[in-house]
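Trainee: Build me a model from this:
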Amino acid sequence: MTNFSRSTIVTKPACVSKGGIVAAQHRRAAEVGAEVLAAGGDAVDAATAVSFAIGVVEPWMSGPAGGGAMMVWRAGEARPHAVAYGMRAPAGLDPRDYPVSGEGVAGDLFPWQRVVGDRNIEGGSAVAVPGTVDGIGLAHERWGRMPWRDLVEPAAALAREGMRVDWYAALIIASAARSLAKDRDAAALFLEDGLFPPIGGWTALSDIRLKMPRFADTLDAIARGGRRAFFEGDVARELARDVRDKGGSLSVEDLAAYRAEIQQPASIEAFGGRLHATPTLTAGPTIVDTFRRLSQAVPPEGRAGKLAAMADALSAAYAERLATMGDHESPLSPGSTTHFSVVDRHGNMVAMTQTLLSVFGARVVSPSTGLLLNNGIMWFDPEPGRPNSLGPGKRCLMNVCPVVGETAIGSAEEARFAIGASGGRKILPAVAQIAHRLMAEGEDLDAAFHAPRIDVSGGETVIADSAFASEDLSELRRAFHVETAPRTVFPYAFACPAGVMRRGDVNSGATEIMSPWGDAVAEDFRGPDDGPSRARPSGD
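Mentor: Okay, here's the model as predicted:
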C-alpha cells in the first residue's frame, strides 16, 4: 500500500536544440555549463564548469573532495575515452583502527559488519584520498579550449552568494541533521543553532542561504593555481591537517601522489550500435556484461517478455559482479552521487559522475577549506580476506556508470548519446534500461526518460515502477519476487539519470522527471531570471 496519489501524471519534456545542451541534477549548474557552451566552449569546458558549480549548489552529493569517473566522446576522432578519478585509501591507513564491533550490520550503504564508533562511515577516519579535481583537470588539459580559471570562477561566485535553501534543500539537510550536528563545522554550515535544518516560511519569497566563504576561497585558489593546487599547495596542506585533526589518516603525501587516468573504454557491439563504458573499478564492466547477455538471448516478445529478459540479464550480471569484483553495496542504498551530461554544437560529449559516497559524505566539513568531505573508506569491507577488504593505498570499487553509446550505425537514424545516473546500486539498472531503449527500441531521449523502469540490484526482489500495468509484470513474477513503488521526489526508489543525445545536427537533453532541481539547458537559454529557454521542448 502507498500513501501517494495514483492519478498524478508528471512530465518533463526533453530540451531540443541545434546548440549545445547540459543535462544536470541542478538547474543552476546546468545554466553555468550552458553559458560556457554559448561562449564557444567545448563540451569538456562546460563539464569543468558544471563539476565545480554543482559541488556548490548540491554539496551533499559531490564536490572537490570526492571522486568518480567520466566518459568522453570526441567527434573529430569519432572515438570514446574513459577518465578514472576514483578515491583511494590513504597510504597511512591502518585496518586495525577499524575493528568490527560485533553489533551486526552497519546501517548505511553497505552490509558490512559494523565498525566500532562507525569510524568507516562518519568523521575524519572515513575520509579517502579525493580525485575529482584531478579527473576533470586532466580532461580539461587534454581537450579543453577555454582558460581553466574562467571555468572555475563561476563556482566561486556561487559560493560567495551562498547556496539558496528551498524546500528540497531543507528536506535533504533534515534527513541528515542528526549526523551533521555531531561535527561542529558541518553543523555551523548546514544547521541553525547547530541542531535544526534551515527552513523558511511557506512563501515563495524566502531567501535563506548557506554562507560558504571558505569554500569560495578554496575555489579561487584552484582557479588561480590549476588542478594541482588542490593536491600540492596550501589547499592540500590545510585539507590534510583538518582531516587528521578530525581523526583521519589523509596526508599531504597522499594528495601529492594522486593522479587521475585516461583509459581505453570497455566497449560492446549490440543492437546495431556500440556501447562504451568505463573499464575498471566501476559498474562499466557490469553494464557491458548485461548488454552481452541481452544481445545473445532469444529476442523476447511483448513488454512482459522484454522486462523479464532485462531482469534476467541484470540479475546474472550482478551475480558475476558480486562474485568477482567484490561489490556488496546494499540494494537499499540511497542516492548519494551526482551525474551530468554535456553535448556541444560540434557533437563532442561528456558523461560525468562524481560523488562523496554517502549523502553528505563523512558528515564533516574541513574548516580551513570549507569542503564537505567524502566517506570513501566505507567502500571497503572492514573484515580481512574479502574481495573489498580495507587496506592502505587501495583503490575504491564504485557503482558509477557513465556511458557513451552509438545507435543504428550506418543508417539514416544513426545517433550518439551520453548518459549516467546517481543512486548507488540503482545506477546500473537505470542506465542499462535507458541505453537499451535508445539502442534496441529506437526511442528518443524524451520517451526513454519518461518510460517506467525496474530496479534489479542483486537478490531475488525486483522493484517495479507502479506505473506498469499488472500484465506487464507477469513474466517477472515467474522468476522474481516483485514489489512496486512509485517514482517520487524523495526518497528515490529508482536512480536519478541525466543524458544528452545527438541525431544529425540536432541535440537533446533530459533529466529524471521526478527531480525537482534537475534540468536540461540549451546554450541559447535566456538566463536565470529572463524567462524560458528559446530551445524548443521535445514534441513541438
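Trainee: give the contact list for residue 18.
Mentor: With contact taken as CB atoms under 8 Å, 6 or more residues apart in numbering, residue 18 is in contact with 345, 505-507. All C-beta atoms are positioned from the backbone trio N, CA, C, and that covers glycine.
Trainee: I'd like to know which of the residues you listed are buried.
Mentor: The neighbour count (16 or more other CB atoms under 10 Å) marks 345, 507 as buried among the contacts of residue 18.
Trainee: and the two most separated of the contacts of residue 18?
Mentor: 345 and 506 (10.6 Å; CB to CB).
Trainee: returning to that earlier point: adding secondary structure, distance to residue 148 and pLDDT, write the contacts of residue 18 out as CSV.
Mentor: Formatted as CSV, these follow (DSSP: H, G, I helix; E, B strand; the rest coil; distance: CB to CB, whole Å; pLDDT from 0 to 100):
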residue, secondary structure, distance to residue 148, pLDDT
345, coil, 22, 97
505, coil, 29, 95
506, strand, 31, 97
507, strand, 25, 98
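Trainee: out of the contacts of residue 18, who's nearest residue 476?
Mentor: Nearest member of the contacts of residue 18 to residue 476, counting by CB to CB, is residue 507, at 34.7 Å.
Trainee: Would you confirm that that closest one contacts residue 499?
Mentor: No: between residue 507 and residue 499 there is no contact under CB atoms under 8 Å: 11.2 Å.
Trainee: Common neighbours of the two, please.
Mentor: In contact with both residue 507 and residue 499: no residue, using CB under 8 Å, 6+ apart.
Trainee: Residue 398: neighbour count?
Mentor: Neighbours of residue 398 under the rule other CB atoms under 10 Å: 27.
Trainee: now swap in residue 307 and tell me
Mentor: 25.
Trainee: That one - that's part of a helix, no?
Mentor: Yes: assessed with DSSP: H, G, I helix; E, B strand; the rest coil, residue 307 lies in a helix.
Trainee: Quick check: it touching residue 477?
Mentor: No: the pair residue 307 / residue 477 is not scored as a contact, 10.3 Å apart, by CB under 8 Å.
Trainee: hey, which helix or strand in this structure has the poorest pLDDT?
Mentor: Across the helices and strands of the chain, mean confidence by mean pLDDT, DSSP states H and E is lowest for strand 536-537: a mean of 40.
Trainee: three-state assignment of the residue sitting nearest the centre point of the chain?
Mentor: Closest to where the C-alpha atoms of the chain average out (CA atoms, centre = their mean) is residue 338, at 3.0 Å. In three-state terms, and counting by three-state DSSP, residue 338 is strand.
Trainee: Pull the contacting residues for it.
Mentor: Neighbour list for residue 338: 24-26, 54, 58, 61-62, 353-355, 422 [criterion: CB under 8 Å, 6+ apart].
Trainee: out of the residues you listed, which one sits closest to residue 378?
Mentor: Taking the contacts of residue 338 together and measuring to residue 378 by CB to CB, the closest member is residue 355, at 11.6 Å.
Trainee: Show me what the closest one bridges to in the sheet.
Mentor: residue 67, residue 337 (DSSP bridges).
Trainee: how deep is it tucked in, by neighbour count?
Mentor: 28.
Trainee: And it, how far from residue 401?
Mentor: Residue 355 is 12 Å from residue 401, where distance means CB to CB, to the nearest Å.
Trainee: Same question for residue 243.
Mentor: Taken as CB to CB, the span from residue 243 to residue 401 is 29 Å.
Trainee: Over to residue 225?
Mentor: Taking CB to CB, one finds residue 225 at 32 Å from residue 401.
Trainee: And these two? Which one has more around it.
Mentor: residue 401 (31 against 16).
Trainee: Can you classify residue 404 by secondary structure?
Mentor: Going by three-state DSSP: residue 404 is strand.
Trainee: what sits against it?
Mentor: 71-73, 80, 265, 275-276, 349, 351, 416-418.
Trainee: Any figure for the gap between it and residue 485?
Mentor: 30 Å.
Trainee: hang on, isn't residue 93 packed against residue 382?
Mentor: No: assessed by CB under 8 Å, residue 93 is found out of contact with residue 382, at 11.6 Å.
Trainee: intersection of neighbour lists for the two?
Mentor: Joint contacts of residue 93 and residue 382 (CB under 8 Å, 6+ apart) are residue 390.
Trainee: How about the contacts made by residue 448?
Mentor: 434, 437-438, 510.
Trainee: right, and the pair among these with maximum separation?
Mentor: Maximum distance among the contacts of residue 448 (CB to CB): 11.9 Å, for 437 and 510.
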